[in-house]
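[1] Would you be able to build a 3D model of this:
(one chain, ligands or ions: 1)
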Amino acid sequence: MPRNKEKVNLVFQPSGRQGGVVPGLSILDAARSLGEEMETPCGGLQGCGKCKVRVAHGDYAQWEIESRVEHAGPRQAVEEELLAPEELASGFRLACVAAVQGDMVVHIPDESRRGRQVISKQARVNHFPAKPAIRTYRIDVSPSDLENPMADWERANQAMAAHGDLAGADWDLAALRDLPIALRRGNGRICLDVRMNREVIRARQNDQRRLLGLALDLGSTSMAVYLCDLNSGEIVATASGMNPQCKYGDDVVSRISYHQMNPGGLDEMRKAVVEAVNALADQTLAELNATVTGRDLSREDILDMTLCGNAVMQQIILGIDPEPLGVLPFTPVKRGSISIKARDIGIRINPGASVMVMPMPAGYVGGDIVAALVGQSEAMQDGPSLLVDIGTNGEVVLAHGGRLWCTSCATGPALEGAQISFGMRAAEGAIERVRIDPATLEVDYKVIGHPHWRSQWSTEAIRVRGICGSGIIEATAQLFLSDLIAANGAMRKTSPSKRLVINPQNGMPAFVLAWADETRLGKDLTISQKDVRQIQLAKAALNTGCHYLLQRIENDGTLQSVRIAGSFGAHIDHEMAMVLGMLPAIAAERIANVGNAAGEGCCAALLNTDMRRSCDRLAEEMQYIELTLEPDFAHQLAQATLLPSNK
Ligand code: FES
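    Reported below is the predicted structural model:
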């Protein structure tokens with residue numbers, strides 16, 4: 001490999017990525033600089049223990065590298081805290097802690113490599129009533145001559161005055177640039193694409209163009225764009241992918257920390273996500289152009305855009321400091337919707353196009369839940385109804401009698417698989433469903449990427465990498481139903497089943513879900529007492545949030561429906577969630593998964609200006625309940641950790 005005296009040389013295995021890096025960088029930063037992707041749920045803040053690597057000790061002639069374990073510096077106290085004794089004994093290090101001090105071959109184990117997340121951002125509705133913000137007007141502009149030498153803009157405005165609606169409309173610079181060419185090519189017959197009858201954003205020859213718009217659903221983990229036909233109200237193409245900011249941390253708190261601790265970090269994260277949006281937009285155009293009807297459609301034809309995400313995601317993509325969202329009282333930059341030019345944030349669509357950014361009713365009740373609500377509010381009018389979006393942060397809205405209350409609950413990262421011994425995101429190889437036979441305590445499970453349950457597979461074919469949020473919820477509920485967990489969450493310490501084991505290090509019980517030979521981990525995959533505690537805390541937070549919202553209508557009707565939004569909602573087993581008491585007591589048939597409601601709401605707002613106005617109105621009406629200010633909050637939260645606790 002090419003050598004550089006000022007740098008040290010690294011090779012990452014098994015990818016084989018290699019290159020020189022400046023000594024002193026953490027192994028994680030070195031990996032990032034070479035394009036190596038790793039799991040970093042805490043964003044490299046030395047808090048999660050998931051960025052495990054092993055430094056090889058030996059001479060590697062093929063790369064001219066003498067790799068030594070000492071080249072990663074001495075082991076730090078935080079590594080002893082976060083790594084298991086057997087991992088320490090096997091030479092594991094944490095990539096965000098160990099510093100590069102000499103040439104190394106670094107092995108990244110399977111569990112630390114970033115898996116491809118399962119992204120389910122498909123909209124269930126693909127046609128919306130169209131009432132777009134962009135309308136096309138055809139006008140005839142009188143020619144200029146020596147006797148009447150009026151400028152192009154004045155003549156165009158004169159013609160526009162004939163259309164009463166357009167009187168006094170402004171011109172975007174992009175449209176002004178188009179005007180001379182359009183006028184001359186079209187012999188004075190031109191088409192103007194006008195936003196809200198107030199701003200001309202494109203001038204073109206009198207031709208038939210399809211008017212397109214883009215809706216962006218920007219999640220902390222994954223993102224999706226929906227290319228829509230503004231006139232027909234149809235979603236014509238969709239593309240989704242991971243949010244590239246995941247490498248700075250899985251949750252919004254890690255992203256805020258990355259900004260605080262790295263000069264230029266905000267811009268780095270902003271650019272990363274904007275580039276990804278541009279790439280997804282291109283993907284949708286390519287998909288559309290592959291159809292017979294739309295061969296020559298380009299970015300120029302995307303004339304409008306809407307964007308929804310949590311408040312931190314929205315502020316980062318706008319380049320607005322997200323720090324105030326991370327400290328009390330968690331204040332967003334603006335409560336109402338924001339309208340900006342797409343070009344100002346680097347989105348490469350028509351240069352005159354605007355982006356409507358969803359309102360943010362509170363720091364932790366963001367534009368995504370407003371977008372989700374706008375499509376659901378009608379269905380939530382028959383009696384008290386809850387809309388729940390579950391993630392690292394749970395957002396809940398209660399609708400009743402024309403009023404709206406909302407709150408956010410600190411469900412924590414456990415439901416996304418973080419801070420769980422063998423937790424991982426919902427990616428290939430993760431256990432997503434679990435069943436335990438209460439009589440034999442034998443386990444059956446289903447793994448993402450495989451269509452059948454384990455019992456229908458040959459053992460060798462199953463390659464378990466970890467367990468994701470829905471799997472952990474089911475495992476905990478099943479342990480409770482099998483009497484292996486008491487109501488207070490304590491795991492039994494004795495059982496005839498050999499699956500119940502005692503950790504020799506801490507004397508705590510754990511339950512084996514998958515034996516070592518069924519996994520890629522080289523060891524048994526267990527659910528520990530600590531994991532159960534994490535799930536209890538997460539479900540208690542959600543349950544408590546619902547409790548305080550429902551308290552607002554205590555004597556005013558019973559809960560009629562619970563609508564679960566988001567991809568997590570799509571995977572969660574309602575019955576198991578009820579066993580744990582995650583949701584308030586309600587008949588299972590009154591719980592509905594509403595899929596990617598945020599993405600659908602974002603499309604609805606793109607395609608219909610009435611829906612757009614509704615977003616602002618709903619955000620204005622939402623009354624935020626701060627749970628920690630409730631007088632008996634601590635007691636209520638403690639009570640809600642019991643299994644089950646739904647009331
Ligand atoms: S401990 Fe290193 S990324 Fe979390």
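[2] The helix or strand of the chain with the lowest mean pLDDT packs against which elements?
    Confidence across the helices and strands of the chain bottoms out at helix 566-571, with a mean of 73, counting by mean pLDDT, DSSP states H and E. On a contact count with 3 or more C-beta pairs under 8 Å, 6 or more residues apart in numbering; DSSP states H and E, helix 566-571 meets strand 385-389, helix 469-481. Where C-beta positions appear, they are placed from N, C-alpha and C, glycine not excepted.
[3] which secondary structure elements does the shortest one contact?
    When contacts are defined as 3+ C-beta pairs under 8 Å, 6+ apart, strand 385-389 sits against helix 367-376, strand 394-400, helix 529-551, strand 561-565, helix 566-571, helix 597-607.
[4] mind redoing it with 6 Å?
    Under the contact definition 3 or more C-beta pairs under 6 Å, 6 or more residues apart in numbering; DSSP states H and E, strand 385-389 sits against helix 367-376, strand 394-400, strand 561-565.
[5] can you check the last one too?
    The contact analysis (3+ C-beta pairs under 6 Å, 6+ apart) places helix 469-481 against strand 430-436, helix 529-551, helix 574-580.
[6] Okay, buried residues for the last one please.
    It stands for helix 574-580. Buried residues in helix 574-580, counted by 16 or more other C-beta atoms under 10 Å: H574, M576, A577, M578, V579, L580.
[7] from those, which is closest to the ligand?
    Distance to the ligand, by C-beta to the nearest ligand atom, is smallest for L580 among the buried residues of helix 574-580, at 26.8 Å.
[8] buried set for the longest helix along the chain?
    The helix spanning the most residues in the chain, taking DSSP state H as the definition, is helix 265-289. Residues of helix 265-289 classed as buried by neighbour count (16+ other C-beta under 10 Å): 265-266, 269-274, 276-278, 280-281, 283-285, 288.
[9] Start and end of stretch 479-488, how far apart?
    End-to-end distance for stretch 479-488, by C-alpha to C-alpha, to the nearest Å: 13 Å.
[10] err, stretch 372-389, not the other one
    One end of stretch 372-389 sits 9 Å from the other (C-alpha to C-alpha).
[11] Contacts made by it with the rest, please.
    Residues outside stretch 372-389 that contact it (C-beta atoms under 6 Å, 6 or more residues apart in numbering): 369, 395-400, 553, 557, 559-566, 597-598, 600-601, 604, 611, 614-615, 618.
[12] are any of these buried, and which?
    Counted by 16+ other C-beta under 10 Å, the contacts of stretch 372-389 give 369, 395-400, 553, 559-566, 597-598, 600-601, 604, 611, 614-615, 618 as buried.
[13] What count of nearby residues applies to the residue nearest to G417 when sequence neighbours are not counted?
    For G417, ignoring the flanking residues on the chain, the nearest one in space by C-beta to C-beta, 6 or more residues apart in numbering is G423 at 3.6 Å. Neighbours of G423 under the rule other C-beta atoms under 10 Å: 25.
[14] how many other residues sit next to the residue of the stretch 301-450 of the chain found nearest the ligand?
    In the stretch 301-450 of the chain, the residue that lies nearest the ligand is A418 (8.9 Å; C-beta to the nearest ligand atom). Look at A418: counted by other C-beta under 10 Å, it has 22 neighbours.
[15] and if you look at S220?
    Neighbourhood size, S220 [other C-beta under 10 Å]: 24.
[16] for it, what are its contacts?
    V252.
[17] So it versus P244, what's the distance?
    Distance of S220 to P244, given as C-beta to C-beta, to the nearest Å: 12 Å.
[18] out of the helices and strands packed on helix 566-571, nearest to the ligand?
    Proximity to the ligand (C-beta to the nearest ligand atom) singles out helix 469-481 among those, at 17.9 Å.
[19] how big is the angle separating the closest one from strand 430-436?
    Per axes from the mean of the first three to the mean of the last three C-alpha atoms, to 10 degrees, the angle that helix 469-481 makes with strand 430-436 is 20 degrees.
[20] Let me know the average pLDDT across helix 469-481.
    Regarding helix 469-481, the rounded mean pLDDT is 94.
[21] In contact with the residue of the stretch 101-250 of the chain found nearest the ligand, which residues?
    At 7.9 Å from the ligand, G249 is the closest residue in the stretch 101-250 of the chain, using C-beta to the nearest ligand atom. Applying C-beta under 6 Å, 6+ apart to G249 gives the contacts G43, R255, Y258.
[22] what sits against A592?
    So A592 contacts R563 (C-beta under 6 Å, 6+ apart).
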